[in-house]
Each structure stands twice: as structure tokens, then as C-alpha cells.
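1. Okay, sequence plus prediction incoming.
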Amino acid sequence: MGERTKTIVAGIAFDSYVMNASGVRDTTLEELKAIADSGSSAVVMKSSTMEPRQGNPEPRYAYFILGSSRGREVQGSLQCMGLPNEGYRKYVKFARIIKTGCGKPVFASVAGLSEKDYPILVGAFQDGEADAIEVNVSCPNLEGKALIGYDFDQVRRILDKIPKQPKPIGLKLPPYLEQRQIQEMADIVKKYGISFITCINSIPNALVIDGTQERPLIRPKKGLGALCGGCIKPVALGNVKMFYDILRGKVSIIGVGGISSGSDAFDFLLTGADAVQIGTCFEKQGPACFARINRELEEILERKGYKSIEQARGKLKFLGE
Ligand SMILES: Cc1cc2nc3c(=O)[nH]c(=O)nc-3n(C[C@H](O)[C@H](O)[C@H](O)COP(=O)(O)O)c2cc1C
């Protein structure tokens, strides 16, 4: 990894700007080992719940090409996984095993099915080997459950109760479509001493139809799923920008949503992200994508004369300035 793309998130040093996103090829120990052996700068684990879950019936994931933009294909994916995972106890063990072998930061991710789960889940990882804990308040696919990140009082109640030491706590956030939601969440982040935010999770309740079959691409929820991939990048960038404008420097921001090239990662860097995560592109291309994306970012930084992430972070220029 090159010197230019070293970064720091929540006080933790990262060897590169690019890591995996929670939920994609990171559910089993074998998958986590493959990420540890890859160019990903960290190992982010699947969101874990109190008990193991099978998740929703298949097909529950679909990859598609939406069209092309500026000479590039725009890909997307639709998922309605329903949090299949092995239960948090397993991930506490996996964190220990992975940590021993790889020397990279390991991030736990937790998803409660009710408010009372969160202190137990976070507490278990606070006592374990993971370096940081991403608290998922944005799981979009649990039928009959409200998306926690849109209910700010519920987020406050959860944050009141979880143990916030010694590992840094981050929030995995849903996409917000209004500035006032960003402001309210940023106030919460500051009030509770949250160390990092990861934005965005997939966009809920999207529908992709196969017109030939006259059917949706996936089976659960009558085809409604959460949208990921290149088609959500503009929404993710907008969220990173709005959060960076309020939080700049005080809270680390991990950008995620539609990144599949160094140029995508550079857009997130200009917008204020301290690091990026890769989901759909990792699912499609496998573990080689991390080193490739980071190498492409290195080349862009070198060409433009930026010597470090710090020099380019948040340096987006605006029309008319
Ligand atoms: C198959 C799949 C499963 C996912 N599972 C989780 C999860 O368990 N926890 C989580 O925080 N995000 C989950 N996500 C969301 C991703 O971490 C990421 O926020 C989203 O896919 C956008 O990134 P991308 O455009 O690079 O895919 C999942 C995404 C996909 C495609």
C-alpha cells in the first residue's frame, strides 16, 4: 500500500483508504479470513444479532446494470437479506481469531432486533478483541420493524444504554433525504461522543423489475429490497458532504455507497470521508477489488500532487467560488 493513502479513523491507523463494508462476504470465519488476507485495510464483520439467523428466503440478492453514465456502466444491487448471521457470540470469537493473525483493525457490527439487545451486543464486543464497534441503526429489511435511524428518540435511548468505553463506537446510518435529519443526527453524534459515522447503508424499499418475466428480481417483501451499488453513490456523497459540513474533523466519517473505482473513492475523499467501504463491488469482483481501488486512488493523488489523504480531504471546490 502506498504512503499517500494511509489514514486514521476514530484514532485508529489504517494502512489504506479502502476496506470492506459490513454484510458482504463477511459472515463466516472463512470469509473473514479472506478479507484479512486481502488488500482491505480493515476487517469489518457482518452485523450480528443476539441469536443466529437464517435470513429471508432466496433469491434475496440481485445484481443489475442500470444504464451508463459518462462512458461507465452504472451498476446496482438490490438486497433483502434479513440479517443472516451466526449470532454475536460467534463474532466475538471470530474477532479474536482474526485479530491474532492479521494485524489489521477489526470492526464489529451489531444489529439489535429490539432496543434491549444493543447494550448486550455492544458490551460483548467492548469486552472482546475488536478494535471498534459499528452500531447498525439502519437495517432496512426487517419486516414489521421500524428503521431505527429514522426514529431519533429511539437512537438516543439506545445510545444512553450502551457501554461507550473502551472501544470507539460508530453509527452505521441510513440515507437521509433532508438536511434537518442530518442536523439532528449530527447533534446526537456530538452529544454521545460517537467516534465515527459510516454512511450510507442501502436505500430502503426499492423495487427492480424484470419486465420480461413481469416479476421483481428478488422474492422477500414482494420484491421490495434495499438499493446498493453505483446508482446510490450520489445520495451517499450528499450525506457525507452534509455531515462533514457539520462535524468536520471532530468525528471520523467512513463513506460507503457505490464505490467501485479509485475515482469514486476520490470523490468521497474530496467530500470529507476519512476512509471508504466497498459492498456491491466486492460481492461482484471478490477481494482483489480493495487493492485495485486503493492503487487507482494512489495514482489520482500522485497525478494531482496530493501527498496525503489529509491534504485532499474535504477539498471539494464549488462552482462560482
Ligand atoms: C448483500 C448485502 C448485505 C448487507 N448487509 C449489511 C449488514 O449486515 N450490515 C450493514 O451495516 N450493512 C449491510 N449492507 C449494506 C452495506 O454495508 C453498504 O452500506 C451498502 O451496500 C452500500 O455500499 P455499496 O454500494 O458499496 O454496496 C449490506 C449490503 C449488501 C449488498
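-> Nice, thanks for sending it over.
2. now E86: how far from N294?
-> Going from E86 to N294 by CB to CB, to the nearest Å gives 29 Å. Where C-beta positions appear, they are placed from N, C-alpha and C, glycine not excepted.
3. sorry, that was for L227
-> 25 Å.
4. ok so, going back, look at E86 and N294 and report which has more neighbours.
-> Under the neighbour definition other CB atoms under 10 Å, E86 and N294 were set side by side, and N294 has more, 25 against 18.
5. OK, contacts around the more buried one?
-> 1-2, 5, 16-18, 39, 41, 262, 265 (CB atoms under 8 Å, 6 or more residues apart in numbering).
6. For the host helix or strand of R303, buried residues please.
-> Following DSSP states H and E, one finds R303 within helix 288-304. Residues of helix 288-304 classed as buried: 289-298, 300-301 (neighbour count, 16 or more other CB atoms under 10 Å).
7. Off-centre distance for it?
-> In terms of CA atoms, centre = their mean, to the nearest Å, the centre of helix 288-304 is set 20 Å apart from its chain centre.
8. Show me what the helix or strand that comes right after that helix is in contact with.
-> On the C-terminal side of helix 288-304, the closest following helix or strand by DSSP H and E is helix 309-312. Contact partners of helix 309-312, identified using CB under 8 Å, 6+ apart, comprise 4-7, 17, 266, 269-270, 274, 301, 304, 306.
9. Let me know the closest of these to the ligand.
-> The closest of the contacts of helix 309-312 to the ligand turns out to be Y17 (CB to the nearest ligand atom; 14.2 Å).
10. Now do that closest one: how many residues are near it, please.
-> The tally of other residues near Y17 (other CB under 10 Å) stands at 30.
11. tell me the phi and psi of the residue nearest to it when sequence neighbours are not counted?
-> Nearest non-adjacent residue to Y17, counting by CB to CB, 6 or more residues apart in numbering: T5, 4.4 Å away. Dihedral pair for T5: phi -100, psi 10, per degrees, to the nearest 10.
12. quick one: T5 from K172, how far?
-> Counting by CB to CB, the gap from T5 to K172 is 23 Å.
13. wait, doesn't V92 sit right on G128?
-> Yes - V92 lies in contact with G128 (CB atoms under 8 Å); the separation is 4.5 Å.
14. Name the residues contacting each of those two.
-> Counting by CB under 8 Å, 6+ apart, the contacts common to V92 and G128 are A108.
15. tell me the SS of whichever residue of the chain sits closest to the ligand?
-> The chain approaches the ligand most closely through G23 (1.9 Å), counting by CB to the nearest ligand atom. Following DSSP: H, G, I helix; E, B strand; the rest coil, G23 is assigned to coil.
16. For it, list the residues it contacts.
-> 46-47, 79, 81, 109, 279.
17. How about the helix holding R303 and the ligand, any contact?
-> No - applying CB under 6 Å from any ligand atom, one finds helix 288-304 separated from the ligand by no less than 10.0 Å.
18. Just give me the neighbour total for L316.
-> Counted by other CB under 10 Å, the residues lying close to L316 total 14.
19. Identify the residue nearest G67 in space, chain neighbours excluded?
-> V74 (5.6 Å).
20. quick one: that neighbour is in a strand?
-> Yes - under three-state DSSP, V74 sits within a strand.
21. give me the number of residues near it?
-> By the measure other CB under 10 Å, the count of residues near V74 is 17.
22. Now do the contacts for the residue nearest to Y17.
-> 16-18, 294, 297-298, 301, 309.
23. Just want the phi and psi numbers for the residue sitting furthest away from the middle of the chain.
-> In the chain, the greatest distance from the average C-alpha position (CA atoms, centre = their mean) is reached by T212, at 33.2 Å. Dihedral angles of T212 (phi, psi; degrees, to the nearest 10) stand at phi -60, psi -50.
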